[in-house]
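Peer 1: curious how this folds, go ahead:
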Amino acid sequence: MREIQIEKNESGQRLDKFLKKYLREATGGFIYKMLRKKNIKLNGGRAEGKELLQPGDVVTLYLSEETLEKFRGIHQKGIHYPVTKLDIIYEDDNIILVNKPAGMLSQKAKPEDVSLVEYLLGYLQSEGKWHPGDTFTPGICNRLDRNTSGLVIAGKSLLGTQMMSELLKKRALDKYYITIVEGVMTQSSLVKGYLSKDTAVNVSHIFGEPGEGRVYIETGYEPICHSDCYTLLRVKLITGKTHQIRSHLASIGHPVINDRKYGGRNFKDLKHFLLHAETIHFPKLPGPLEELSGQTFAASVPEQFEEVKKYLFRDVK
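Peer 2: Below you'll find the predicted structure:
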């Protein structure tokens, strides 16, 4: 028999979801069978699995240690995630804001990849803030292209992940990017369109009219300064779709500098295109995340971005 007291990080989810994470090697059929046979109880009584867990609840598993070890996947406790230096902008009990460098994947594209997710788990594991085998695994809430740098939101707790994901879904977060584009732009604007992604070649296309496989997008931009050939832009991402900023700006004749996929010309010895998720502004938030209400967080631009900016706009007053 094993008793599990629900902590804050496990609360707010259904009992069956919790059990599927705790007994990660067990089938759903096995879990529901144990619930029906009262081999799994909640607060000493019968449970169906749809109950929402609260801090202090007690889940009792009337299972042998051998069965628990088998279905828990105990071998996973031996996993050690990679550790690298991360530029952490903000951290509390529920979320982490990280300044992702250009060249790092947000999450795995192939099983052998190492991404920001693995580095975050490595950081939390090394700090004793999370362990493989815990019922909740932290993860990122928004993704940036591999070669886009800047702010990524990660959920440390179930509550933090759920609330951040909901804010992103409702477009309640103000997200601003900074980039350098080809051509001269002097007026702020809000551009709209319909985006279609060609998954075979990982390229997005912009259309003026709706159609099959097309999703509506909005991108706002404001010129900061310009030279004879380039413009430094602040971009507000209103909707967030694959390659939205890159493809949308290219569609109006202003590709991001060095973004060869969308028509940008090679620029000196740049390894990446220059697009950086610079700031995030939080709306009013309730309860445990109230301290984030109205706060704005900024991530410094990469050194190479800053060098190119100073070079291109050196004569701008």
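
Peer 1: okay, Lys317: pLDDT?
Peer 2: pLDDT, Lys317: 69.

Peer 1: same check on Ser149?
Peer 2: Reported pLDDT for Ser149: 97.

Peer 1: residue ranges in this protein under the pLDDT threshold?
Peer 2: For the chain, residues meeting the criterion pLDDT under 70 lie at 74-78, 317.

Peer 1: please enumerate the helices of the stretch 1-150 of the chain.
Peer 2: Ranges of helices within the stretch 1-150 of the chain are 15-22, 28-36, 65-72, 116-126, based on DSSP state H, counting those that start in this stretch.

Peer 1: in the last one, which residues are buried?
Peer 2: For helix 116-126, a neighbour-count test (16 or more other C-beta atoms under 10 Å) marks 116-125 as buried. Yep, even glycine has a C-beta here, placed from its N, CA and C like the rest.

Peer 1: with the second one instead?
Peer 2: Of the residues in helix 28-36, those scored as buried under the neighbour-count criterion (16+ other C-beta under 10 Å) are 31, 34-35.

Peer 1: so which residues make contact with it?
Peer 2: For helix 28-36, contacts defined as C-beta atoms under 8 Å, 6 or more residues apart in numbering pick out 16, 19-20, 23, 40, 46-49, 61, 63, 71.

Peer 1: quick one: furthest residue from the center of the chain?
Peer 2: Centroid-distance maximum for the chain: Lys37 at 39.6 Å, with C-alpha atoms, centre = their mean.

Peer 1: what residue is smack in the middle of this protein?
Peer 2: By C-alpha atoms, centre = their mean, the chain has its centre lying nearest to Asn142, at 2.5 Å.

Peer 1: can you show me the strands along the stretch 1-150 of the chain?
Peer 2: 2-5, 40-42, 58-61, 88-91, 95-100, 139-140, 149-155 (DSSP state E, counting those that start in this stretch).

Peer 1: quick revisit: how about the contacts of helix 28-36 in a markdown table, adding distance to Asp174 and neighbour count?
Peer 2: Formatted as a markdown table, the contacts of helix 28-36 follow (distance: C-beta to C-beta, whole Å; neighbours: other C-beta atoms under 10 Å):
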| residue | distance to Asp174 | neighbour count |
| --- | --- | --- |
| Asp16 | 36 | 18 |
| Leu19 | 38 | 25 |
| Lys20 | 35 | 16 |
| Leu23 | 41 | 23 |
| Ile40 | 44 | 23 |
| Arg46 | 47 | 11 |
| Ala47 | 42 | 19 |
| Glu48 | 41 | 12 |
| Gly49 | 39 | 19 |
| Leu61 | 45 | 19 |
| Leu63 | 48 | 18 |
| Phe71 | 44 | 19 |
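
Peer 1: okay, those in JSON lines with distance to Glu290 next?
Peer 2: Listed next are the contacts of helix 28-36 as JSON lines, based on distance: C-beta to C-beta, whole Å:
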{"residue": "Asp16", "distance to Glu290": "30"}
{"residue": "Leu19", "distance to Glu290": "31"}
{"residue": "Lys20", "distance to Glu290": "31"}
{"residue": "Leu23", "distance to Glu290": "34"}
{"residue": "Ile40", "distance to Glu290": "35"}
{"residue": "Arg46", "distance to Glu290": "37"}
{"residue": "Ala47", "distance to Glu290": "32"}
{"residue": "Glu48", "distance to Glu290": "33"}
{"residue": "Gly49", "distance to Glu290": "32"}
{"residue": "Leu61", "distance to Glu290": "35"}
{"residue": "Leu63", "distance to Glu290": "40"}
{"residue": "Phe71", "distance to Glu290": "38"}
